[in-house]
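Chemist: sequence first, then the predicted structure:
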Amino acid sequence: MFVLHIPSWYTDDTKPFHGNFIERHIEAIALKTPSVTLKVVEINQRTVPLTVEELSPNNTLCTYYVKRRRTLLGRLLNKFLFGYYYIRGGQFIEQQFGIPSLIHLHVAFPRGSVAVQYKKRWKVPLLLTEHWSVYHERNYPSSPPKVKKELKKIWAHVDGVTTVSEYLLNEIRQRFPVSQSAVIYNVVDHHLFQPQPVSFPPIKLIHISTLDEDAKNFQGILEAVSEVRKKRNDFVLNVVSEFVKPQYEQWVVDHQLSDTVYFLGSKSSEEVAELLAQHHFLILYSNYENQPCVISEAFSCGKPVLSSNVGGIPEIISSDRGVIIAPHQTELLIAALEQFMDNFDTYNAENIREYAINHFSKEVIAEKFWQFYQKFTIFSQRDKKCRTQ
């Protein structure tokens, strides 16, 4: 008995953090049931066609590798190779591990068609976990017709869905049939993300994101910081992002904020945990979100959060863990930022961390997925049989 995981998003040599929250979901699930993950990855240097890694007890990763090609012909060849390796991968899984008890697809596109073919082949349930903001009302109408057509095909075969926020689940329900469903948050490693004393002054703010302007509205944060800086100079804003955005760095120089705003570049998970612990609070003023991992990571460090009232954020930020304000209103952010800097030390760090452990820890998320799995008869029957042997 095992679960076969098919991730549509995953880390590789060019995207070290892409889909890492999916990896953490799978790690949690492996605490409850054997899990095998299959993915095909495009890389710059291909040395072996396949690796099989035991990431942890009950957690196996099978990866096929395709050499990255830039030409049109090369991209067409790689499209063929991706399909070919997923066919071979299915055969390999069956030979090495047997038939899975269920298939767990993580994000419907672009690997949903692979999961559907496996479902048809093995006649087992197909579950989907969604993180994607494409389902939002502001995003879905403008999505490419090809994507919407493919999503419709995939959803016709989905037996159950989990989302990382109630907001995302409601958005999905407006577009696709949902039978069995559950809201299961992202995982936070509370052993890694821990509180520590923070020196004062100055007040230390931190922003962690992709800096994608459409989603994260980092320009709005910079404009608010610039206005607040005219009134006080007792704070700094440190920015962590795996992406370099020269336009923001130049804006900071042009507006004489070089002694206030610092770009720290990309950081490992361990470094992010250390940085969050060394700051007084997190600021995230997004235009849209589902359930940002960085908020729950800040909570695990005992830090309050100043954020926007969008997506699934209001589901996890209450008045004793931070402040949420309406998006797209820089004047409102300016006022909230000043007030937050004057009151950040009134929040109870122990209570904030306790909330994170009770809602985002690996053990809690593992149990929620396990309970969801039990709703599917085939899996439940095989599990009972396994436990009695």
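Modeler: Right, received. Where do you want to start?
Chemist: could you pull out the helices in the stretch 51-200 of the chain for me?
Modeler: Assigned by DSSP state H, counting those that start in this stretch, the helices in the stretch 51-200 of the chain fall at 72-97, 112-122, 145-155, 166-173.
Chemist: looking at the ones you listed, which is closest to residue 290?
Modeler: Minimum separation from residue 290 across these (CB to CB) falls at helix 166-173, 4.9 Å. Quick note: C-beta positions are derived from backbone N, CA and C, even for glycine.
Chemist: hmm, who's touching the closest one?
Modeler: 130-131, 133, 135-137, 140, 161, 163, 178, 181, 183, 290-291, 311-312, 315 (CB atoms under 8 Å, 6 or more residues apart in numbering).
Chemist: got it, and stretch 90-105?
Modeler: In contact with stretch 90-105 (CB under 8 Å, 6+ apart) are residues 1-6, 8, 29, 33, 36, 38, 50, 52, 60, 62, 111-112, 115, 117-119, 121-122, 124-129, 154, 158, 373, 376, 378-379, 382-383.
Chemist: same question for stretch 71-87.
Modeler: With contact meaning CB under 8 Å, 6+ apart, stretch 71-87 is reached by 38, 40, 42, 64, 66, 67, 68, 69, 114, 117.
Chemist: show me where the stretch 251-389 of the chain has helices.
Modeler: Secondary structure of the stretch 251-389 of the chain (DSSP H, counting those that start in this stretch): helices located at 269-277, 293-300, 330-343, 349-360, 362-373, 377-388.
Chemist: buried ones in the fifth one?
Modeler: Neighbour-count burial for helix 362-373, counted by 16 or more other CB atoms under 10 Å, picks out 362, 364, 365, 366, 368, 369, 372, 373.
Chemist: would you map out the domains in this protein?
Modeler: 3-187+362-388, 203-360 (automatic domain parsing).
Chemist: wait, which of the ones you listed is closest to residue 194?
Modeler: Proximity to residue 194 (CB to CB) singles out domain 203-360 among these, at 6.4 Å.
Chemist: any chance of the helices of the stretch 51-200 of the chain in CSV, plus distance to residue 353, mean neighbour count and mean pLDDT?
Modeler: Listed next are the helices of the stretch 51-200 of the chain as CSV, based on distance: least, CB to CB, whole Å; neighbours: other CB atoms under 10 Å; pLDDT from 0 to 100:
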stretch, distance to residue 353, mean neighbour count, mean pLDDT
helix 72-97, 38, 14, 94
helix 112-122, 36, 19, 97
helix 145-155, 38, 14, 97
helix 166-173, 23, 19, 97
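Chemist: in a markdown table, list these along with distance to residue 214.
Modeler: What follows is these, written out as a markdown table (distance: least, CB to CB, whole Å):
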| stretch | distance to residue 214 |
| --- | --- |
| helix 72-97 | 26 |
| helix 112-122 | 24 |
| helix 145-155 | 17 |
| helix 166-173 | 17 |
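Chemist: buried ones among the contacts of stretch 90-105?
Modeler: By neighbour count, with 16+ other CB under 10 Å, the contacts of stretch 90-105 hold 1-6, 8, 29, 33, 36, 38, 60, 62, 111-112, 115, 117-119, 122, 124-129, 154, 158, 373, 376, 379, 382-383 as buried.
Chemist: follow-up on the earlier one: of the contacts of helix 166-173, just the buried ones, ChimeraX syntax please.
Modeler: The ChimeraX selection below is limited to those of the contacts of helix 166-173 classed as buried (16+ other CB under 10 Å):
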select :130,131,133,135,136,140,161,163,178,181,183,290,291,311,312
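Chemist: quick one: residue 64 and residue 49 touch, right?
Modeler: Yes - using CB atoms under 8 Å, residue 64 is in contact with residue 49, at 6.3 Å.
Chemist: list the contacts for the residue lying closest to residue 297 once chain neighbours are set aside?
Modeler: By the measure of CB to CB, 6 or more residues apart in numbering, the closest residue to residue 297 outside its immediate chain neighbours is residue 193, 5.0 Å from it. Neighbour list for residue 193: 273, 276, 277, 297, 300, 301, 356 [criterion: CB under 8 Å, 6+ apart].
Chemist: quick one: pLDDT of residue 193?
Modeler: At residue 193, the predicted lDDT confidence score is 98.
Chemist: now swap in the one 3 residues further on and tell me
Modeler: Reading off the confidence values, residue 196 has pLDDT 93.
Chemist: quick check: phi and psi on it?
Modeler: Residue 196 adopts backbone torsions of phi -160, psi 160, taken as degrees, to the nearest 10.
Chemist: and it, what is it in contact with?
Modeler: Applying CB under 8 Å, 6+ apart, we find residue 196 in contact with 277, 278, 301.
Chemist: what about those, which one has the most neighbours?
Modeler: Neighbour counts for those, by other CB atoms under 10 Å, peak at residue 301, which reaches 27 neighbours.
Chemist: thought residue 278 was touching it, still the case?
Modeler: No - judged on CB under 8 Å, residue 301 makes no contact with residue 278 at a distance of 9.0 Å.
Chemist: please name the nearest non-neighbouring residue to residue 48.
Modeler: Nearest residue to residue 48, sequence neighbours excluded (CB to CB, 6+ apart): residue 65, at 6.6 Å.
Chemist: and residue 236, by the same measure?
Modeler: Nearest residue to residue 236 in three dimensions, chain neighbours excluded: residue 202, at 5.3 Å (CB to CB, 6+ apart).
Chemist: for the contacts of residue 196, give me JSON lines that also has distance to residue 223.
Modeler: As requested, the contacts of residue 196 are arranged in JSON lines below (distance: CB to CB, whole Å):
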{"residue": "277", "distance to residue 223": "28"}
{"residue": "278", "distance to residue 223": "25"}
{"residue": "301", "distance to residue 223": "27"}
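Chemist: let me have those residues in TSV, adding pLDDT as columns.
Modeler: Shown next, in TSV, are the contacts of residue 196 (pLDDT from 0 to 100):
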residue	pLDDT
277	97
278	97
301	98
